[in-house]
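Undergrad: Provide a 3D model corresponding to the input given below.
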Amino acid sequence: MFRVRPLALVLVAVALCGVQLLAAPVTVRLATIVPRNSLWYNALTDMGATWAKTTESRVKLTVYEGGSQGDERTVIRYMRPEVDQLNASLLTSPGLAYIDDGFNVFGIPFFFASEAEARYVREKLTPVLSKRLEAKGFQLVHWGNAGWVQLFSKTPIKTLADLKKVKLFTSEGDDRMKQWYSSNGFTPVALKPTDIATGMTTGLIEAAPSPAYAAAVIQLYRSADYMLDIRVAPLIGATVVASRVWAQISPEDRTKVLEAGQVMEKRLDTEVPGQDAKAVEDMRLRNKKFTVVTLDAAGLAAFRAEAEKLVATMRGSMVPADIYDQAVRERDAFRKSQGK
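TA: Residues are numbered from 1 along each chain as shown. Predicted coordinates:
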């Protein structure tokens, strides 16, 4: 009794001081569609190594890459508490929109004009979008950059009227987007993203939006001889962790996890644009007919003016009105600050 009592007193004292003894390590099981050895995969694994180092292995990251766990909709379902097969994912903005419609704001066609503009609005929207995620049971760890979506086509596209004349790829399962295209005079064809190259080759589709790097990887340039040099939308992503797992990480370690996430975010913002530029040059070398269609100042202004009218129809339907309105305010404020 006399030997046990002092040990018991010590344990009570330690507990009262708020010190965690033998806290169970947390393994974050993350699934993503990004391919192995890609820039995004390498950034993820580097972030995981930083988590393990800075938390002394209290937080570890396991990455299931290349869509091995299913598409983004499936991965989100696996993250739900009732399934609990996965607990994190690096998702693209369409995948994030499966959790909350607010993320559709980043997919509005021709809404953003520059990298700096999109990044500014992303930063301003972060607090409200983070809260919307938390309400659905997810924690935002960091943003991701997958490049700018460009328009690849079998024939030159210079106006929205040109685009309405061709069969345009849209993602299978996104019925609202397909309906939006149809109601605005486009001819959408819903396919799986993995079927874009085949669809273009067979003529099932005649135009498809894609980041340049992704187009090069799937060899879209072999059947799509043209790329319109106008940025359709930034393909923004984010790493999210299920709230139930986030709660198992100590406040001190959460700070370290978020700091490592910021390093990854900055890395992607820095390196992805160069990767896309190189991809365009590679496609030009591999297909001598591949042509980048550039609009003159008048053509670009006319294109954007027409697009502004078109995308306003997304307010309240594809994108929640409050998110859409804030994005417009922040974007216009940025343009004003730049003298535009």
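Undergrad: if you skip the residues just before and after it, what's nearest to Leu90?
TA: Closest residue to Leu90 apart from its sequence neighbours, by Cβ to Cβ, 6 or more residues apart in numbering: Thr32 at 4.1 Å. All C-beta spots, glycine's among them, are computed from the backbone N, C-alpha and C.
Undergrad: Would you enumerate the residues in contact with the one you found?
TA: Trp40, Tyr41, Leu44, Val63, Tyr64, Glu65, Gly67, Val75, Ser89, Leu90, Leu91 (Cβ atoms under 8 Å, 6 or more residues apart in numbering).
Undergrad: Same question for Ser57.
TA: With Cβ under 8 Å, 6+ apart, Ser57 has these contacts: Pro25.
Undergrad: State the pLDDT value of it.
TA: With respect to pLDDT, Ser57 scores 97.
Undergrad: so it is in which element?
TA: Assigned by DSSP states H and E, Ser57 belongs to neither a helix nor a strand.
Undergrad: just to revisit the earlier point, narrow the contacts of Thr32 to those in helices?
TA: Trp40, Tyr41, Leu44, Val75 (DSSP state H).
Undergrad: could you show me where the strands are in this structure, in order?
TA: 26-32, 59-64, 88-92, 138-153, 167-171, 187-191, 207-211, 226-242, 291-293 (DSSP state E).
Undergrad: tell me the most buried of these?
TA: The highest mean neighbour count among those, using mean count of other Cβ atoms under 10 Å, belongs to strand 88-92: a mean of 26.
Undergrad: Lys53: neighbouring residues, count only.
TA: Other residues within reach of Lys53 by the criterion other Cβ atoms under 10 Å amount to 11.
Undergrad: What of Ala305?
TA: Counted by other Cβ under 10 Å, the residues lying close to Ala305 total 10.
Undergrad: contacting residues for the most centrally placed residue in the chain?
TA: For the chain, the residue nearest the mean C-alpha position is Gly237 (1.7 Å; Cα atoms, centre = their mean). For Gly237, the contacting residues are Leu90, Leu91, Thr92, Ser93, Gly95, Leu96, Trp143, Gly144, Asn145, Ala146, by Cβ under 8 Å, 6+ apart.
Undergrad: CSV for those, including pLDDT?
TA: Output for the contacts of Gly237, formatted as CSV (pLDDT from 0 to 100):
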residue, pLDDT
Leu90, 97
Leu91, 96
Thr92, 93
Ser93, 91
Gly95, 92
Leu96, 95
Trp143, 97
Gly144, 94
Asn145, 94
Ala146, 92
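Undergrad: and which of those is nearest Met79?
TA: Using Cβ to Cβ, the shortest approach to Met79 within these belongs to Leu91, at 9.9 Å.
Undergrad: quick one: Ala224 and Val166, what's the gap?
TA: Going from Ala224 to Val166 by Cβ to Cβ, to the nearest Å gives 11 Å.
Undergrad: For those two, list the residues in contact with both.
TA: With Cβ under 8 Å, 6+ apart as the test, Ala224 and Val166 both reach Ser153, Lys154, Ala207.
Undergrad: I'd say the first one and Tyr221 touch.
TA: No: under the contact definition of Cβ atoms under 8 Å, Ser153 does not touch Tyr221, with a separation of 11.3 Å.
Undergrad: closest to Glu271 among the contacts of Thr32?
TA: Using Cβ to Cβ, the contacts of Thr32 come closest to Glu271 at Trp40, 9.9 Å.
Undergrad: so what's that closest one up against?
TA: Counting by Cβ under 8 Å, 6+ apart, Trp40 touches Thr32, Val34, Leu90, Gly144, Ala146, Leu268.
Undergrad: if we go to 6 Å?
TA: Trp40 is in contact with Val34, counting by Cβ atoms under 6 Å, 6 or more residues apart in numbering.
Undergrad: where's it relative to Tyr64, distance?
TA: 13 Å.
Undergrad: joint contacts of these two?
TA: With Cβ under 6 Å, 6+ apart, Trp40 and Tyr64 have no common neighbours.
Undergrad: And for Thr202, the neighbour number?
TA: Based on other Cβ under 10 Å, the number of other residues close to Thr202 is 10.
Undergrad: hang on, I meant Gln69
TA: When neighbours are counted by other Cβ under 10 Å, Gln69 registers 19.
Undergrad: Phi and psi next, for it.
TA: phi -100, psi 0 (degrees, to the nearest 10).
Undergrad: now stretch 319-332: how far from the chain's centre is it?
TA: Centre-to-centre, stretch 319-332 and its host chain are 18 Å apart (Cα atoms, centre = their mean, to the nearest Å).
Undergrad: returning to what we had before: between the ones in helices among the contacts of Thr32, which is closest to Val292?
TA: Of all those, Val292 sits closest to Trp40, with 24.8 Å by Cβ to Cβ.
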